[in-house]
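S.K.: quick one: sequence and predicted model below, then my questions.
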Number of protein chains: 2
Amino acid sequence: MNIREIAKKAGVSTATVSRVVNGTAPVALRTEQRVRKAIEHLGYYPNSHARTLGSGKSQMYGLIISDISNPFFPDVVKHFEQIAVEHGQEVLIANTNYQPERMKTCVRRMLERKVDGVAIMTSEMEPELIQILKNRGIPIVFLDTGDVGPQISNILIDYDHGVDMAIDHLTSLEHHRIAFVSGPPSLTSARTRQEAFLKALKRKGLKCISDYVGVGNHRIDGGQAAMERMLDLSVKPTAVFASNDLTAIGVIRAIHAAGLRVPEDISVVGFDDIELSSFLEPPLTTVRVSRAEIGTRAFTALYTENKNSGAAFKIQAELVVRQSTGPASINR
Amino acid sequence: MNIREIAKKAGVSTATVSRVVNGTAPVALRTEQRVRKAIEHLGYYPNSHARTLGSGKSQMYGLIISDISNPFFPDVVKHFEQIAVEHGQEVLIANTNYQPERMKTCVRRMLERKVDGVAIMTSEMEPELIQILKNRGIPIVFLDTGDVGPQISNILIDYDHGVDMAIDHLTSLEHHRIAFVSGPPSLTSARTRQEAFLKALKRKGLKCISDYVGVGNHRIDGGQAAMERMLDLSVKPTAVFASNDLTAIGVIRAIHAAGLRVPEDISVVGFDDIELSSFLEPPLTTVRVSRAEIGTRAFTALYTENKNSGAAFKIQAELVVRQSTGPASINR
DNA sequence: TCTCGGTATGAAATCGATTACAGGAAAATT
DNA sequence: AATTTTCCTGTAATCGATTTCATACCGAGA
């Protein structure tokens, strides 16, 4: 079943069938109807590989991520794929498994399959590999990573809004002693979050004591250890903001271990809104960046706007209020 | 950059280049070296679409799942992709979002891109769509779903082993009153799990009182409600086996709400080992089916064995012991 | 009536591989 | 030395689309 059979059945040339299928040139109504009927009748659909060969467009987009089993990514992937399919495009997913050298294989796979664009959402980058893509004129979109240029777009995450909302939420509950437990200082995104926190405090006219900034590691144990130290202070914070949800879980464990309650004694706010967060006890109040939006935006940046030169797209973080935050305890 | 340029540079025909690249026919050592040098020098890699067109093999495999953001799937996808890439194959992922009618689009996408095989891991199936794939001679592998036939393989999950181990574990801790909280009876996999449980009890010579079989819904609330009812019994179970981990979480909540402790008063065993389980308090003892193995096996079933007719592959469930199980409490 | 311009269509080249077939050279057999 | 094999290589058809270019047709304007 190929375009020639349709052409024969409809009594036209293959060129005309192609025109009907793709709408690339005007076709007389009666001819079009004959062709459509033939297509319908024989259940024809074009061979996409032949199509790619002929046109140079593969109708496929690449999505390079660190690791699909990192809970951050499934939602991103899902929505990237969803909108791609809505636009008749296919998706190629590649995992680097956090290994920079794997990036090479990923880029190679993208080149071999002739993707029409690539979304790169890993922190491990090899500049020369990116250059290869650029040279080939393949549109690229990065997630929260530096440079915008011709054919290069960027999805920027604006934490400020979400963090402001969180601080507003806490101050409206009469919290004035708000602490922060950071992630590993080596991680850019962890530093960005801490800065967003400090900026938001300043905007509110609150000051930040260095005792109230702990260092975690974005895992449970780090959050727990940092919080244990903070609980030894003579004047304890009434609320704690954690750099990610796992850290927040550690914070909560330390609080519980000290015989205190969340949120009655200390309120806790997380960051990320991993699935887990809503299942915790208490369910975690957290700042979330819509992963669905990241996926959707990344695709449209490549697809809709790929004729234009690259651009930056801002995505706002939002506050999700659950039950780990409550009025500041007055008796302490 | 195409095969002709390489041929020219190496002073051979395109046929010879193709032979060197694919190893499809013997080539004299000296010729091969010239060709390889040319390839190296010009940084050539074949256009996979042209390749597909010429050979009929796309070197792509499809993976149809319900929803990548269902925590069951990321690991499966990851390992399916990993082994596929190791074999130089590409992967096309399609989500049905649990909607049977979406299956049509998924199958269509697979056909358009000419996949060499499809792994279908959804419970929503449309027999006539499957038939289309069969007619096209495309190898298929299902996950735990009925029929094996020519070109049709099946990954079978053998719960018995894991459940036996769990029951062994509990009886060795002196538990004799073991209850079960099921999933929704409409779900095949939920029924299979319940049967595996009942069989294992029988093998151990334990009897099962109907009071000790509660009905849940594979969500937290269902587990909680079922457990609340069970806690009203005058003779309570000393251990509870839940049909999935969320149910187990509900069970634990009910136990805590009743002022009892896990595992000191009642032991709890889950099913699935979702990521969450190790973060719970206490970390959950659970029966796990290796999702990595499912992914790997599904691919090899399609790739390695696709010359043969279909086959069934068994995957054993295993017990993961954590801290939600302990010695049976004697004083009750 | 003749020419012009626009629209609809077809013929054929093209994309970049694979592969069937043919043929030449070298090695093995008689 | 003649013949048969074996091994290597090239020619050209093929896969199934897209797309350029040429052309036939039609109605409009001169």
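M.R.: All right, it came through fine. Given the structure is predicted, the values throughout are model-derived calculations rather than measurements.

S.K.: would residue A:64 count as being in a helix?
M.R.: No - in this structure, residue A:64 is strand, not part of a helix, as judged by DSSP: H, G, I helix; E, B strand; the rest coil.

S.K.: quick one, what contacts the nearest residue to residue A:193 once chain neighbours are set aside?
M.R.: Nearest non-adjacent residue to residue A:193, counting by Cβ to Cβ, 6 or more residues apart in numbering or on different chains: residue A:243, 5.1 Å away. Bear in mind the C-beta positions are built from the backbone N, C-alpha and C, glycine included. Residues in contact with residue A:243 (Cβ atoms under 8 Å, 6 or more residues apart in numbering or on different chains) are A:180-183, A:190, A:193-194, A:216, A:218, A:271.

S.K.: for those residues, give me TSV that also has neighbour count, distance to residue A:226 and pLDDT.
M.R.: Formatted as TSV, the contacts of residue A:243 follow (neighbours: other Cβ atoms under 10 Å in any protein chain shown; distance: Cβ to Cβ, whole Å; pLDDT from 0 to 100):
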residue	neighbour count	distance to residue A:226	pLDDT
A:180	24	9	97
A:181	31	5	97
A:182	25	8	96
A:183	25	11	94
A:190	21	13	90
A:193	26	14	93
A:194	20	13	95
A:216	27	5	96
A:218	22	11	92
A:271	31	14	95
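
S.K.: burial count for whichever residue of the stretch 151-300 of chain A sits closest to chain B?
M.R.: Residue of the stretch 151-300 of chain A nearest chain B, by Cβ to the nearest Cβ: residue A:276 (5.3 Å). By other Cβ atoms under 10 Å in any protein chain shown, 20 other residues sit near residue A:276.

S.K.: give me phi/psi at it?
M.R.: phi -40, psi -40 (degrees, to the nearest 10).

S.K.: what about chain A, any weak spots by pLDDT?
M.R.: A:146, A:305-308, A:330-332 (pLDDT under 70).

S.K.: in it, what residue sits furthest out from the centroid?
M.R.: residue A:11 (49.8 Å; Cα atoms, centre = their mean).

S.K.: do I have it right that that one meets residue A:34?
M.R.: Yes - between residue A:11 and residue A:34 there is a contact under Cβ atoms under 8 Å: 6.9 Å.

S.K.: number of nearby residues for residue A:130?
M.R.: Neighbours around residue A:130, by other Cβ under 10 Å: 18.

S.K.: what sits closest to it if chain neighbours are left out?
M.R.: residue A:140 (7.0 Å).

S.K.: and the gap between that neighbour and chain B?
M.R.: 19 Å (Cβ to the nearest Cβ, to the nearest Å).

S.K.: so what's that residue bridging to?
M.R.: Per DSSP bridges, the residues bridged to residue A:140 are residue A:118, residue A:152.

S.K.: distance of it from residue A:313?
M.R.: Distance check for residue A:140 against residue A:313: by Cβ to Cβ, to the nearest Å, it reads 13 Å.

S.K.: spit out the residues that contact those two alike.
M.R.: residue A:153.

S.K.: those two - which one has more neighbours?
M.R.: residue A:140 (23 against 18).

S.K.: check contacts around the more buried one.
M.R.: Residue A:140 touches A:117-120, A:130, A:133-134, A:151-153, A:302, A:310, counting by Cβ under 8 Å, 6+ apart.

S.K.: neighbour-wise, give me the winner out of those.
M.R.: Going by other Cβ under 10 Å, residue A:119 tops the contacts of residue A:140 with 29 neighbours.

S.K.: just give the nearest non-adjacent residue to that one, would you?
M.R.: Nearest to residue A:119 is residue A:298, by Cβ to Cβ, 6+ apart, at 4.2 Å.

S.K.: ok, then the element right after the helix or strand that neighbour falls within?
M.R.: Assigned by DSSP states H and E, residue A:298 falls within helix A:291-303. Downstream of helix A:291-303, the next assigned helix or strand under DSSP H and E is strand A:312-320.

S.K.: chain center to that next one: distance?
M.R.: 10 Å (Cα atoms, centre = their mean, to the nearest Å).

S.K.: quick one, it and helix A:291-303 angle?
M.R.: Interaxial angle, strand A:312-320 versus helix A:291-303 (axes from the mean of the first three to the mean of the last three Cα atoms, to 10 degrees): 170 degrees.

S.K.: ok so residue A:93 is a helix residue?
M.R.: No - Residue A:93: not assigned to a helix; according to three-state DSSP it is strand.

S.K.: name the nearest residue to it, ignoring sequence neighbours.
M.R.: Going by Cβ to Cβ, 6+ apart, residue A:93 has residue A:63 as its nearest residue, at 5.1 Å.

S.K.: is that neighbour bridged to anything, and to what?
M.R.: In beta-bridge terms (that is, DSSP bridges), residue A:63 pairs with residue A:93, residue A:119.

S.K.: that one touches residue A:90, doesn't it?
M.R.: No - assessed by Cβ under 8 Å, residue A:63 is found out of contact with residue A:90, at 10.9 Å.

S.K.: ok, the two, which is more surrounded?
M.R.: Neighbours per residue, other Cβ under 10 Å: of residue A:63 and residue A:90, the larger number sits with residue A:63, 30 against 22.

S.K.: so who does the more buried one touch?
M.R.: Residue A:63 touches A:77, A:80, A:91-94, A:118-119, A:121, A:298, counting by Cβ under 8 Å, 6+ apart.

S.K.: over to residue A:43?
M.R.: Applying Cβ under 8 Å, 6+ apart to residue A:43 gives the contacts residue A:1.
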